[in-house]
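Student: Pasting the sequence and the predicted model now:
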Amino acid sequence: MFDKNKLISFIENSKSLQPLLFISEKVLNGERISVDQAILLYEVADLGYLSMLANHVREAKNGNHVYFNKNFHVEPTNTCIYNCKFCSYHKIAGDPESWEMSLNEIAKLSENYQNKDITEVHVVGGVHPKWDIHYYGKIIQSIKIALPHVHVKAFSAIELEYVIKKANLDYREGLRTLKEYGLDSIPGGGAEIFDPQVRDKICSDKATGKQWLDVHEAAHLEGIPSNATILYGHIESYKHRAQHMEAIRNLQDKTGGFNCFIPLKFRAQNNNLGYLGEVETVEDLRNFAVSRIFFDNINHLKAYWPMLGKQNTKLALSFGVDDIDGTIDDTTKIYSMAGAEDQKPAMTVDKLCEIIKSAGRTPVERDSLYNVVKFY
Ligand code: V47
Ligand code: SF4
């Protein structure tokens, strides 16, 4: 029979497990762990320990619920002035494989969803050299005209930093302009790794980590919530991951504007960092768990299923994840070009629910702000 006292005395007598005991006591008491403790978790904690602790945090915050939404993605262009080494998707202007959607095409695409119960449109693309803040605004407007009640979550901080700077506005003024066009929230892309040395090696020419944080802070101050991401599994160290999360946690203390944190696994096909290969599933699960344990102030942890794959998304539900994004529907190319399993990602509500239920969890359809739409 399981003897709790024996286990505790075993841990107390084992020097190597002492620091982990201290961390688990902190987490079970609802206290915050430090950057050094996060690094220790990454370095020495085993999968069972991480699962147990991350699960404790996820159940305290979200019970047994796993959230998803009914959404679709628009990628207005893959033309990009930047040249991130991990990106398999961008093309320079004029390249035969580049595309640019006209406002009319975006309106037509949105009209296809008029009878489909969608609650959110996710819009992210490359940074087009010729588009300005008003074109970005009109993209949002075209969607809103076709779908007045949907939530438009649009443009990474990288796209925003570029068009707002180009318009000679400060971040808050630029975001206010886009809010007037209908912007409801901001996705988490473009964060990558904030550390300047790593950033310089993987995406030297785009907005810095500080600029990413400043755009999100300005959004929160304008009443525009957002998500945060990390791109892991390339050249970064555990210290870089923990420091990246600390910067996000500090901003969340200030503004409370982040809805969720999304770890994005580096995918290696068709890009300049492909020689690095990809980390194993065990590393994905460990990373989800450490993120869940670290963020005492962000309620939701998302596994983005097109990037992770359906099987691993199911596993992630035992490592702190309480959100698996949504139905998505077909137009997402940023991951399919980088080697994700689905070339045209889309999942029915039935399939999303099957994944969630097979992990012993309760499927909950949410809106973009995590209000419950429906229990399944
Ligand atoms: O910023 C690009 C990443 C991001 C690769 O907020 C790559 O709900 C892995 O931000 N391997 C854009 N990742 C996508 C994004 C996102 C996705 C889903 C939901 C939300 C949300 C946001 O994709 C980029 C970059 O970090 N990315 N290339 C690659 N080869
Ligand atoms: Fe451009 Fe985004 Fe690709 Fe970087 S990740 S090259 S900013 S499309």
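Tutor: Okay, I see it. Numbers count the residues shown, from 1 in each chain. Ligands and ions are numbered 1, 2, ... in the order given.

Student: which secondary structure element contains the residue nearest in space to the middle of the chain?
Tutor: For the chain, residue 262 is the residue whose C-alpha lies nearest the centre (C-alpha atoms, centre = their mean; 2.8 Å). Residue 262 belongs to strand 258-265 when elements are defined using DSSP states H and E.

Student: Quick check: next helix or strand after the least confident helix or strand in the chain by mean pLDDT?
Tutor: The helix or strand of the chain with the lowest confidence, counting by mean pLDDT, DSSP states H and E, is helix 4-13 at a mean of 66. Per DSSP H and E, the first helix or strand lying C-terminal to helix 4-13 is helix 18-28.

Student: Please enumerate residues in contact with that following helix?
Tutor: Helix 18-28 is contacted by residues 11-12, 32-33, 37, 40-41, 44-45, 49, 53, 56-57, 293 when judged by C-beta atoms under 8 Å, 6 or more residues apart in numbering. For glycine as for every other residue, the C-beta is placed from the backbone atoms N, C-alpha and C.

Student: same thing but 6 Å
Tutor: 11, 33, 37, 40, 45, 53, 293 (C-beta atoms under 6 Å, 6 or more residues apart in numbering).

Student: What's the ChimeraX syntax to select whichever of those are buried?
Tutor: To isolate the buried ones among the contacts of helix 18-28 in ChimeraX, judged by 16 or more other C-beta atoms under 10 Å, type:
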select :33,37,40,45,53,293
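
Student: ok, the contacts of helix 18-28 vs residue 253, which is closest?
Tutor: residue 33 (14.5 Å; C-beta to C-beta).

Student: Look at residue 87 and give its secondary structure.
Tutor: coil (DSSP: H, G, I helix; E, B strand; the rest coil).

Student: Could you list which residues are in contact with it?
Tutor: Per C-beta under 6 Å, 6+ apart, neighbours of residue 87: residue 271.

Student: re earlier: could the contacts of helix 18-28 be laid out in TSV, adding distance to ligand 1?
Tutor: Listed next are the contacts of helix 18-28 as TSV, based on distance: C-beta to the nearest ligand atom, whole Å:
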residue	distance to ligand 1
11	37
33	24
37	26
40	26
45	25
53	25
293	21
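
Student: Nearest to ligand 2 among the contacts of helix 18-28?
Tutor: residue 293 (28.2 Å; C-beta to the nearest ligand atom).

Student: Remind me what the strand or helix carrying the closest one packs against, helices and strands.
Tutor: Assigned by DSSP H and E, residue 293 belongs to helix 281-294. For helix 281-294, the packing partners by 3 or more C-beta pairs under 6 Å, 6 or more residues apart in numbering; DSSP states H and E come out as helix 35-44, helix 47-62, strand 258-265.

Student: Would you quantify the distance from the closest residue to residue 68 other than its chain neighbours to residue 148?
Tutor: Distance criterion C-beta to C-beta, 6 or more residues apart in numbering; nearest residue to residue 68, sequence neighbours excluded, is residue 352 at 4.8 Å. Separation of residue 352 from residue 148 (C-beta to C-beta, to the nearest Å) stands at 25 Å.

Student: Of these two, which one has the most company?
Tutor: When neighbours are counted by other C-beta atoms under 10 Å, residue 352 comes out ahead of the other of residue 352 and residue 148, with 25 against 8.

Student: any idea which helix or strand comes after the helix or strand containing that one?
Tutor: For residue 352, the host element (DSSP H and E) is helix 349-358. Toward the C-terminal end, the helix or strand that comes next after helix 349-358 (DSSP H and E) is strand 362-366.

Student: Cheers, nothing more for now.
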